[in-house]
Structures are given as C-alpha cells and as structure tokens.
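S.K.: Pasting the sequence and the predicted model now:
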Amino acid sequence: MDLQCFLCCRAALLLLLMPCGLYCMSVHILNEGPMYVIPGSSLVLEARIELGPLERISLVTWEREPESGVGSGKEILATCPGSGSKCAGKRPNVHGNMQHQKTTLQINGYSSTDSGVYAVMVTDQRGVNTTAHCIVRMYEAVHHVSVSINVSHSSLICGEAWGTDPHFSWLYERVAISQAVGTVSKDGTTLFVTRKPFCGHFTCVVSNKLGYSSASFSAAPCETEGRGTTAAVVCLVLLLLLVGGVLAFLLWRRHRQNRRGQWLHEHLDEAI
C-alpha cells in the first residue's frame, strides 16, 4: 500500500513538473511587424498554432484595436470554429480561413481605418485563451522633402517628413553623383561634397512604392571649362584682329610713303 501511494505521488509530481508536455498551446503570427499596407490593396495575416497532446482548438478569434489605445476599442473581425475551415467575417470585405493548425485573415480594400493592433486569440476546449499580436499601419507616400547645408563639414543633408520606407538618391547637375563630386552616407540622407570649389546644382530624390519627391540646393555658379575655353577663343580673336589692324596700318603707311617718294622723284625730273 505504501509503494502504491509512493508511485501515485511520484506520477502526480511528474505531471506538475511537466505541464507543457500535455497543455502547452502557443500561437504565432507569421507576418513580421509592424506591417505597412498600401491603401486599396489587401491585408493578409497568417498565424500558426502549436498544440499539446491533450489540447484541441475550440475557437479562433481575429480582433483589431487602435494602436494608440484611444478609440472605439476592440473590434471582432472574424471567428473560426476549431473543427471547421470557414470563418465568419463581420464585414463584407473581411474573410477568414482555418486549416489544420493555421489560420488566415484577409481584409480587401485596406484603408486608414484598418490600421491598428491585430490580435489572434485561440481558445482551447478548457476555455483557456492564447493570444498573439501584430501592428499594421498604412503605407504612406513621400512628403515634404528638404535639403539643408552643413557648411563646416561641406555636406548636404536630405530630410523627409513621414513617408514609409524612403530611399534617398542624389544628383549633381541632373546626373548621378560621382566620386569626383562627393560620397553619400549609407542611409543616403547625407552627401559629403569633395568637389572644389563647392558650386553647382544639387538635387535629393526620395522615393518609395507610391512615387517620389525631390528638393534642390543651388550653390554658387561654377565656371566650367567650356566657359573658360570660350573666353580664351574670344581673347585670341580680338588679339588677331588687333595684330591684323596694326599690320594693315603699317602696310598702308609704307605704301603711301612709296607713292609720295615716287611723286617727288617725277616732279624733280620734270624740273630738270
């Protein structure tokens, strides 16, 4: 009798020490958050459910609430029975699906009102809930691009207001930046100008999936080689004209003197 009691106590202790072996349900949303969704497109969230050997899914519920926590509170989007594959959406554009231990939520025609904190709550046969969360935000276009100068570091800094996933690129006189002009930081926001002198027209272009916007900075005008060549040509032409004029004047003067000497010689011959 004492041995039987000892074995029962030992078995109970093992069950208490290993609760996850029997009841250890977990749920994970596969989408990495925060997610950014383009307005008008579809939001698709997927979650995987892990069950213990004595657990079964009773109900799956998809919910959403404002990220700020201020608003109308939680909104139930769809409910899925544990034994069925179809989920009941609360709106015409909301669809849910349940297959084995994977559940999916899809919202068509995404708008700003659909942003917030999404939660998938899984209820087992004992009424115990397990929840996973994901933040979803609206994909924003690029806004208010600006370029400022840091004179002390000979650099230009490009800024953008609140666009999603902005990508920065630089142009110099409408051409991509070369090493002869400067170098760009890893994030693309700063252009370190190495060109001397610091002159010309610089443009920062910020783009994402919804388009692009740009801003420019104009330094002092550069004296290009073309202008220097033009000035040299003009000076050379003027010099040649001047030299030609002088030569023409000397030839004219010499010719006049020759004619005058000839006239005097003829006049003396007639006198004799």
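M.R.: It's in. Numbering: from 1, shown residues only.
S.K.: pLDDT weak spots in the stretch 101-250 of the chain?
M.R.: 224-232 (pLDDT under 70).
S.K.: All the helices of it, in order from the start?
M.R.: 225-271 (DSSP state H, counting those that start in this stretch).
S.K.: just so I have it, where are all the strands in it?
M.R.: Counting by DSSP state E, counting those that start in this stretch, one finds strands in the stretch 101-250 of the chain at the ranges 102-107, 116-124, 129-138, 146-150, 155-159, 167-172, 175-176, 182-184, 190-193, 201-208, 211-218.
S.K.: quick one: which of these is nearest Ser68?
M.R.: In terms of C-beta to C-beta, the element of those nearest to Ser68 is strand 116-124, at 8.6 Å. For every residue, glycine as well, the C-beta is placed using N, CA and C.
S.K.: Please tabulate the strands of the stretch 101-250 of the chain in JSON lines and include distance to Glu32 as additional columns.
M.R.: As requested, these are exported to JSON lines (distance: least, C-beta to C-beta, whole Å):
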{"stretch": "strand 102-107", "distance to Glu32": "16"}
{"stretch": "strand 116-124", "distance to Glu32": "13"}
{"stretch": "strand 129-138", "distance to Glu32": "8"}
{"stretch": "strand 146-150", "distance to Glu32": "31"}
{"stretch": "strand 155-159", "distance to Glu32": "27"}
{"stretch": "strand 167-172", "distance to Glu32": "20"}
{"stretch": "strand 175-176", "distance to Glu32": "32"}
{"stretch": "strand 182-184", "distance to Glu32": "28"}
{"stretch": "strand 190-193", "distance to Glu32": "28"}
{"stretch": "strand 201-208", "distance to Glu32": "18"}
{"stretch": "strand 211-218", "distance to Glu32": "25"}
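S.K.: Quick check: chain neighbours aside, which residue is closest to Cys204?
M.R.: Cys158 (3.7 Å; C-beta to C-beta, 6 or more residues apart in numbering).
S.K.: so what's the one residue sitting closest to the centre of the chain up against?
M.R.: What sits nearest the mean C-alpha location of the chain, by C-alpha atoms, centre = their mean, is Pro166, with 1.8 Å. By C-beta atoms under 8 Å, 6 or more residues apart in numbering, the contact set of Pro166 is 142, 160, 206-208.
S.K.: Quickly list what the residue nearest to Cys204 is bridged to.
M.R.: Cys158 has these beta-bridge partners by DSSP bridges: Val147.
S.K.: I figured it hits His144, correct?
M.R.: No. Applying C-beta atoms under 8 Å as the test, Cys158 and His144 come out as separate, 11.4 Å apart.
S.K.: Just want to know which of the two has more residues nearby.
M.R.: In terms of neighbours (other C-beta atoms under 10 Å), Cys158 is the more surrounded of Cys158 and His144; the figures are 27 against 12.
S.K.: Tell me who's in contact with that one.
M.R.: Going by C-beta under 8 Å, 6+ apart, Cys158 touches 145-147, 168, 170, 188-191, 204, 206, 215.
S.K.: what's the neighbour count on the nearest residue to Val136 once chain neighbours are set aside?
M.R.: Ranked by C-beta to C-beta, 6+ apart and with sequence neighbours excluded, the top spatial neighbour of Val136 is Met35, at 4.8 Å. Met35 has 17 neighbours, counted by other C-beta under 10 Å.
S.K.: can you check Leu54 too?
M.R.: A total of 12 residues lie near Leu54 under the criterion other C-beta under 10 Å.
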